[in-house]
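Participant: This is the structure alone, sequence omitted:
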């Protein structure tokens, strides 16, 4: 049996080689995961940087695709299902890390958080639920919006009342029952307070960046439209900006690798592998590490992918 994986998925290769000596595992740069490279692979383990579709999979031996991420827009799930290829994602694996990122943004931009501030949380899944609890613990007033779960207030009310609005939804197009593509668009933004802070650490397409830029409102972006080729003007005007690393923590990466290993072991009747728990080393209390990242990215906008690859897990 052979596994091909993205080399930036930590803990995976070492664990497989130690526990499953009969399994060959090859770790590659994302851009080297090509049809030729996976031709005789049984299992493919990727991140969002690899588009998994017919162009990649056709004619290969791949029987299972795992993505060590919560999102799976980069996987053509219909193609996989139609061709008997199992697939799985890792929902919730990095929820705490993203919540910590949102908390850092709030701490840096509102150092004296007052109970007079209201935060609107759009999407109340793994991450949104943690963000709501974190905000409540800081004394913020919390508004929720999650139509699929029938939770919270209408989006228009959340827009009007919130001082901070943070998005934690999957990216779905107009064919979905609850589409989120450009959920934060011009019509939404005109309902917001002029000073409302917009935060997007979900999926790039959830926010219409051109409309956000025109609105003149402050914003924090971790996910972008067309990344890694992000719009330089949108970046330059960001209050805080980062290169899709909100969920990057040692604990989150460990969780994702564990979930992938669990799925592979179950699917192929292999002995289970239990990774060691990874303690999270917090950033220095009171530090402005998100501002440091912002300055580095704004100084080198063409280095988005390199900065992302070299980001030290927190």
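Facilitator: Received the coordinates, thanks. Since the structure is predicted, the reported quantities are computational estimates derived from the model, not experimental observations.

Participant: can we go C-alpha only for contacts and neighbour counts from here?
Facilitator: Noted.

Participant: got the end-to-end distance for stretch 197-214?
Facilitator: Stretch 197-214 has an end-to-end distance of 14 Å (criterion: C-alpha to C-alpha, to the nearest Å).

Participant: Quick check: buried residues in that stretch?
Facilitator: Buried positions in stretch 197-214, judged by neighbour count with 16 or more other C-alpha atoms under 10 Å: 197-209, 211-213.

Participant: any idea of the mean pLDDT in that stretch?
Facilitator: Stretch 197-214 carries an average pLDDT of 96.

Participant: begin at 47 from here
Facilitator: With 47 as the first residue, the last one maps to stretch 243-260.

Participant: got the contact list for that stretch?
Facilitator: Residues outside stretch 243-260 that contact it (C-alpha atoms under 8 Å, 6 or more residues apart in numbering): 144, 148, 209-217, 226-232, 235, 263-273, 280, 283, 290, 292.

Participant: Buried subset of the residues you listed, written for PyMOL?
Facilitator: Selection of buried members from the contacts of stretch 243-260 for PyMOL, criterion 16+ other C-alpha under 10 Å:
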select buried, resi 144+148+209+210+211+212+213+214+215+216+217+226+227+228+229+230+231+232+235+263+264+265+266+267+268+269+270+280+283+290+292
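
Participant: Let's see which of the contacts of stretch 243-260 end up in strands.
Facilitator: Mapping the contacts of stretch 243-260 onto strands (DSSP state E) picks out 210, 211, 212, 213, 265, 266, 267.

Participant: for those residues, which one is nearest residue 127?
Facilitator: Within these, the smallest distance to residue 127 is 29.5 Å, found for residue 213 (C-alpha to C-alpha).

Participant: how close does the closest one sit to residue 99?
Facilitator: Residue 213 is 27 Å from residue 99, where distance means C-alpha to C-alpha.

Participant: Ok, residue 320 next?
Facilitator: On the measure of C-alpha to C-alpha, residue 320 and residue 99 end up 30 Å apart.

Participant: and those two? which has more neighbours close in?
Facilitator: More neighbours surround residue 99 than the other of residue 320 and residue 99, with 15 against 12 (other C-alpha atoms under 10 Å).

Participant: mind checking how far residue 277 is from residue 250?
Facilitator: From residue 277 to residue 250 the distance is 12 Å (C-alpha to C-alpha).

Participant: next one: residue 208
Facilitator: Residue 208 is 21 Å from residue 250, by C-alpha to C-alpha.

Participant: repeat for residue 152
Facilitator: 20 Å.

Participant: Show me what counts as buried in the host helix or strand of residue 341.
Facilitator: Using DSSP states H and E, residue 341 sits within helix 335-345. For helix 335-345, the neighbour count (16+ other C-alpha under 10 Å) marks 336, 337, 339, 340, 341, 342, 343, 344 as buried.

Participant: Output these as JSON lines; include the columns pLDDT and distance to residue 91.
Facilitator: Converted to JSON lines, the buried residues of helix 335-345 look like this (pLDDT from 0 to 100; distance: C-alpha to C-alpha, whole Å):
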{"residue": "336", "pLDDT": "94", "distance to residue 91": "29"}
{"residue": "337", "pLDDT": "95", "distance to residue 91": "32"}
{"residue": "339", "pLDDT": "94", "distance to residue 91": "28"}
{"residue": "340", "pLDDT": "96", "distance to residue 91": "30"}
{"residue": "341", "pLDDT": "95", "distance to residue 91": "32"}
{"residue": "342", "pLDDT": "94", "distance to residue 91": "30"}
{"residue": "343", "pLDDT": "96", "distance to residue 91": "28"}
{"residue": "344", "pLDDT": "97", "distance to residue 91": "31"}
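
Participant: All set, thanks.
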